[in-house]
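Engineer: what follows is a predicted structure for the sequence shown.
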Amino acid sequence: MKRLPLSRLSRLHRCVSESELLELCDDYDRDRNEFFFDRHSEAFSFIMLYVQHGKLRFVPHMCELSFYNEMLYWGLESADLQPCCQRRLDDRLSDCFVHFFPEEEPRAPEEPQSPWLERMRRTFEEPASSLAAQILASVSVLFVVISMVMLCASTLPDWMTAETTDQHRIIEAVCIGWFTAECIVRFLVSRDKCEFVCRPLNVIDLPSHRTTSPSL
C-alpha cells in the first residue's frame, strides 16, 4: 500500500483521528480496529491482489464499467490495468459514451429564493419560460436593433445636423437607460452575484452600456 500513496487504503495510515477515518470509510469499529466499506467485495479482492502482486485484471463476469468505478473509489486509474484489460475498458467507454469520475463531496444545497425573485429571474434569464419573458426578450432585441441602426446612421454625412444630432442623443439615451436598467435588475435577481459578474457575455455587456457613438 505504500507504493500507492494516493490510494484510499494508504491514506488510512495518515489518519490521526476517528473523524478522518470516517471520511475514508463507511464505518469504523474502534474496539476491533476494523474498517467497513460498502463496496463490491469481489472487486476489492482483485484490487488487493494488485496491491500484493502488481497485476490488475477485471473480475470475471463483472461489468468493466462497474469494476472501473470500484477502481476509482479505491484510488486506482485505468493505467494500472493490464494492457488487455485497458483495451477492453477503452472499447466499452467508447461504446457507451460514459465517463466515470471519482466520487465528490456533495455540494451544499443552494438557499432558496423567494417566489417573486425566482419569477423575475426566469423572466429576465429564460425567454421561453413565460409570455412576459418572451415580450421582454422581444423588447430587448428591438432596443438592440434601434441602437445599431442609430449608430450606423450617425456615420452618414447627411446625418450630421443639429436636429438629427439632438434626436440621436435622445434615442441613444433611452436605449442606454433600458440596457442599464435591464442589467441591474438581472444582477439583483441572480442567484449567484459573483457568477453573474464573471460571465463572459456580461463582462462584455457591462462596459458597452457606457459606450456612446462618435457623434456624441
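Structural biologist: That came through, no problem. Numbers count the residues shown, from 1 in each chain.

Engineer: residue ranges of the strands in this structure, please?
Structural biologist: Using DSSP state E, the strands assigned to the chain run over residues 27-29, 34-36.

Engineer: mean neighbour count and mean pLDDT for those strands - can I get that in CSV?
Structural biologist: To be clear about C-beta, it is placed using only N, CA and C from the backbone, and glycine gets the same treatment. Listed next are the strands of the chain as CSV, based on neighbours: other Cβ atoms under 10 Å; pLDDT from 0 to 100:
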stretch, mean neighbour count, mean pLDDT
strand 27-29, 12, 86
strand 34-36, 12, 87
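
Engineer: got the ones you listed as JSON lines, with distance to residue 116 columns?
Structural biologist: Formatted as JSON lines, these follow (distance: least, Cβ to Cβ, whole Å):
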{"stretch": "strand 27-29", "distance to residue 116": "45"}
{"stretch": "strand 34-36", "distance to residue 116": "48"}
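
Engineer: so where is this structure shaky, pLDDT-wise?
Structural biologist: Where the chain drops to pLDDT under 70, the residues are 1-6, 96-114, 129, 159-162, 201-216.

Engineer: which segments of it make up each domain?
Structural biologist: As given by the TED database, the domain ranges for the chain are 8-100, 128-198.

Engineer: ok, now which ones touch the residue nearest to residue 86 when sequence neighbours are not counted?
Structural biologist: For residue 86, ignoring the flanking residues on the chain, the nearest one in space by Cβ to Cβ, 6 or more residues apart in numbering is residue 78 at 5.9 Å. Counting by Cβ atoms under 8 Å, 6 or more residues apart in numbering, residue 78 touches 68, 71, 86, 89, 90.

Engineer: so where do the helices sit in the chain?
Structural biologist: Listed from the start of the chain, the chain has helices (DSSP state H) covering 8-11, 18-24, 41-53, 64-74, 83-96, 115-125, 131-153, 162-189, 193-198, 200-208.

Engineer: got JSON lines for those, with distance to residue 32 too?
Structural biologist: JSON lines is the format used below for the helices of the chain (distance: least, Cβ to Cβ, whole Å):
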{"stretch": "helix 8-11", "distance to residue 32": "17"}
{"stretch": "helix 18-24", "distance to residue 32": "13"}
{"stretch": "helix 41-53", "distance to residue 32": "18"}
{"stretch": "helix 64-74", "distance to residue 32": "22"}
{"stretch": "helix 83-96", "distance to residue 32": "35"}
{"stretch": "helix 115-125", "distance to residue 32": "51"}
{"stretch": "helix 131-153", "distance to residue 32": "61"}
{"stretch": "helix 162-189", "distance to residue 32": "55"}
{"stretch": "helix 193-198", "distance to residue 32": "47"}
{"stretch": "helix 200-208", "distance to residue 32": "55"}
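
Engineer: so for this structure, the centremost residue is which one?
Structural biologist: By Cα atoms, centre = their mean, the chain has its centre lying nearest to residue 195, at 10.7 Å.

Engineer: next one: stretch 182-192 to chain centre, how far?
Structural biologist: Using Cα atoms, centre = their mean, to the nearest Å, the mean C-alpha position of stretch 182-192 is found 19 Å from that of the whole chain.

Engineer: show me which positions of it end up buried.
Structural biologist: Buried residues in stretch 182-192, counted by 16 or more other Cβ atoms under 10 Å: 182, 183, 186, 189, 190.

Engineer: now, which of those sits nearest residue 61?
Structural biologist: Here the nearest of the buried residues of stretch 182-192 to residue 61, counting by Cβ to Cβ, is residue 190; it sits at 50.9 Å.
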